[in-house]
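S.K.: Here is a sequence together with a model predicted from it:
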Amino acid sequence: MKKEKSDSSRATIEKTLHELFENVRFSKLGFFVLIFLYIGSYVLVVLTSHSEAAIMLGGQPIPYRSITGVFSAIGNLCIVLLVVLYKKPGFLVSMCFLLVSFPSALTGIIKNGNYISIAGIFTNMLTLIAIYMIYSTNTKAEKAQARLRDQAVTDSLTGLPNRFASSELMGALAAKGEKFAVAVLNLKNFKGVNNTMGHSAGNAVLKEVAFRLKKAADSRQTNTHDFVASQGGDEFLLIIRDFRNNDEILETLEQYENVLKDRITVDGCDFFFSASIGWAVYPEDADTVDALLACTSTAMAEVKRGDSGSHILRYTPEIANIEHTLEIERKIRTALENDTLFFELQPQFDMKHQLSGFEALARMKDEDGNCIVPGEFIPVAEELGLIDQIDYVVFRKAAGFFGKLIRETNTKSVLSVNVSVRHLMRNGFLDELREVLKSTGMPPEQLEVEITESIMIDSVDKALDCINEIKKLGIKIAIDDFGTGYSSLSYLNDFPADMLKVDKSFIDRMNTNDSSKQYVAAIISIGHVMNFTVISEGVEQPDQLDTLRNIGCDYIQGFIWGRPMAPDDAENLVKSAMKSA
Ligand code: C2E
Ligand code: MG
Ligand code: MG
């Protein structure tokens, strides 16, 4: 029973791989129809060629013999179609037909003096040559195609099915709705072999590993039905089918792990390997093949980090979070090390659309040039204590640029920079501010520091001293994302800020109902009572602008009048604003 199942599993795999390149199959019925048509036309050729009768057409007698050629042509067409569509069987049948017709035609000529058959013999010979040529050309093309097919689905080093073949198989299983597990298996310490013994030793190791994995799969050591593929390099893929539960998958994976534990000897040197295995189940963990593979890689990366204490790990969303955070952390550290963090400037305007200033926003790209949004890297940087460095880089670069712009254009625009609460509370923060002001020549009265509202909840007493010192330098203070932090009004009253920034979430909702609008109006009024100017963030729609004008907002920042832009574009904006003023 088990053997039967194993054979059917292998057959599915083979079939899937071969079907990738298989030509369209023609039906058996067509084969017999062509044979029947050929025999029919052959009989008619014989009958009409011997007949003396005629039919009357338009008053003219037309002898049956004169339409022999039509049936002969139909017969030849059937022969050609048999060879083209049905390859070897078609060729063999056609050969038989043609060869069989020779003796009867010869007999006709010799015995009966039926010289009309000479033309038939000549045609048959030509047809025979033609079908032989068609058949041999087709066969050569098919062989070349088969070679290509094998190359396309096979890893040239190990001889295992390759990445493409495994994705096609997974796609086929998913399309059938079959539940299956996928494990990615990576050899630990393989790089060491390549580095110390050279690539040919490395290749020998990979071939041996491939051999052992395939042997384990083929000899049905496991309870499941498995397919082994190479993913390139020291990575292998296992597709596991027909398991009853997750324990069975684990058992299977442990068996594959075990077959690698025995020593591998190459060039007289013994190597011992172990594997890191990450696995996931379709469709439980992911409902597309690509997502499933990403899950297995995530789980394997976690195994490799070694924190899980296991060699075999199933994907979970928690692992994905850890891996994502680690990836972002790595990118932040690289960007800080290479000094590739940069900034964009988003313009701020008064309600008459006059430029009033810019907010500097941190930007980061990874090594491949892909942008990572602040929403992703700022929280990670905050959690890891890297935010101080980001704030500092953005502040230094933006102040350097803006200080120069002020000196060149005499603009009165203000530069706002974001400072995290954590950064602000650090002892050296004030020294850092002074140092940047000095080195960049940025006038403090044109600088604004944005601090999120959370400062008034967690750390107001400690922060107040620092904020007062900042103010003494002549720098303005803005409370960012106001309204999101549930701070108490009494704190707000005591807070030495200059500007309230109403959070985008309130502006988004503002025009959906009257109470949301009244809420924003109330924030603006309270801000004014407490002597703050008020700016609304994230204004995108003209109707939001109208409402904000009606309820007395002072400034706006939003895509409606300006998205974050490169410093050069900000410079042009400043210059054109100054010209038109
Ligand atoms: P934020 O300080 O409140 O900055 C405003 C954010 O709103 C920016 O997002 C800006 O692009 C976005 N925004 C402005 N107007 C619109 C609009 O009309 N529609 C939409 N959809 N979005 C708008 P960004 O650049 O993604 O920054 C997100 C947050 O990351 C910032 O919010 C800030 O809290 C933080 N951040 C950015 N740069 C720094 C930095 O250098 N240091 C620190 N500590 N935090 C930063
Ligand atoms: Mg801000
Ligand atoms: Mg904000």
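M.R.: Received it, and whenever you're ready, just let me know what you need. If you're wondering where the values come from, they're calculated on a predicted model, not measured in any experiment. Numbering: from 1, shown residues only. Ligands and ions are numbered 1, 2, ... in the order given.

S.K.: Which stretches in the stretch 151-300 of the chain count as helices?
M.R.: Secondary structure of the stretch 151-300 of the chain (DSSP state H, counting those that start in this stretch): helices located at 163-176, 190-197, 199-218, 246-259, 289-305.

S.K.: ditto for the stretch 351-500 of the chain
M.R.: Counting by DSSP H, counting those that start in this stretch, one finds helices in the stretch 351-500 of the chain at the ranges 374-384, 387-409, 421-424, 429-440, 455-458, 460-472, 489-494.

S.K.: any idea which of the helices of the stretch 151-300 of the chain scores lowest on pLDDT?
M.R.: Among the helices of the stretch 151-300 of the chain, helix 190-197 carries the lowest mean pLDDT, a mean of 81.

S.K.: got the angle for that one vs helix 199-218?
M.R.: Between the axes of helix 190-197 and helix 199-218, defined by axes from the mean of the first three to the mean of the last three C-alpha atoms, to 10 degrees, the angle is 140 degrees.

S.K.: Make JSON lines from the helices of the stretch 351-500 of the chain and add mean pLDDT to it.
M.R.: Supplementary listing: the helices of the stretch 351-500 of the chain in JSON lines, determined by pLDDT from 0 to 100:
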{"stretch": "helix 374-384", "mean pLDDT": "91"}
{"stretch": "helix 387-409", "mean pLDDT": "96"}
{"stretch": "helix 421-424", "mean pLDDT": "85"}
{"stretch": "helix 429-440", "mean pLDDT": "94"}
{"stretch": "helix 455-458", "mean pLDDT": "64"}
{"stretch": "helix 460-472", "mean pLDDT": "85"}
{"stretch": "helix 489-494", "mean pLDDT": "74"}
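
S.K.: what's the closest non-adjacent residue to residue 533?
M.R.: The shortest distance from residue 533 to any non-neighbouring residue, by C-beta to C-beta, 6 or more residues apart in numbering, is to residue 554 (4.6 Å). C-beta coordinates here come from the backbone N, C-alpha and C atoms, glycine included.

S.K.: my bad, should have said residue 320
M.R.: Spatially, and ignoring its direct neighbours in sequence, residue 320 is nearest to residue 298 (5.3 Å; C-beta to C-beta, 6+ apart).

S.K.: residues contacting the one you found?
M.R.: In this structure, residue 298 makes contact with 278, 315, 319, 320, 323, judged by C-beta atoms under 8 Å, 6 or more residues apart in numbering.

S.K.: distance of it from residue 278?
M.R.: When distances are taken as C-beta to C-beta, to the nearest Å, residue 298 and residue 278 turn out to be 7 Å apart.

S.K.: who touches both of these two?
M.R.: Between them, residue 298 and residue 278 share these contacting residues under C-beta under 8 Å, 6+ apart: residue 315.

S.K.: any idea how far residue 363 is from the residue nearest to residue 533?
M.R.: Relative to residue 363, and taking C-beta to C-beta, residue 554 is found at 28 Å.

S.K.: For residue 494, grab the count of nearby residues.
M.R.: Other residues near residue 494 come to 10 when the count uses other C-beta atoms under 10 Å.

S.K.: And for residue 157?
M.R.: Other residues lying near residue 157 total 15 when counted by other C-beta under 10 Å.

S.K.: quick one, phi psi at it?
M.R.: The phi and psi values for residue 157, taken as degrees, to the nearest 10, are phi -80, psi -50.

S.K.: Just to check, it is in contact with residue 206?
M.R.: Yes. If you go by C-beta atoms under 8 Å, residue 157 and residue 206 touch, sitting 6.1 Å apart.

S.K.: Identify the contacts common to these two.
M.R.: Common neighbours of residue 157 and residue 206 (C-beta under 8 Å, 6+ apart) are residue 230.

S.K.: For the longest helix seen in the chain, the averaged confidence score.
M.R.: Of all the elements of type helix in the chain, the one with the most residues (DSSP state H) is helix 68-112. Across helix 68-112, the average pLDDT comes to 85.
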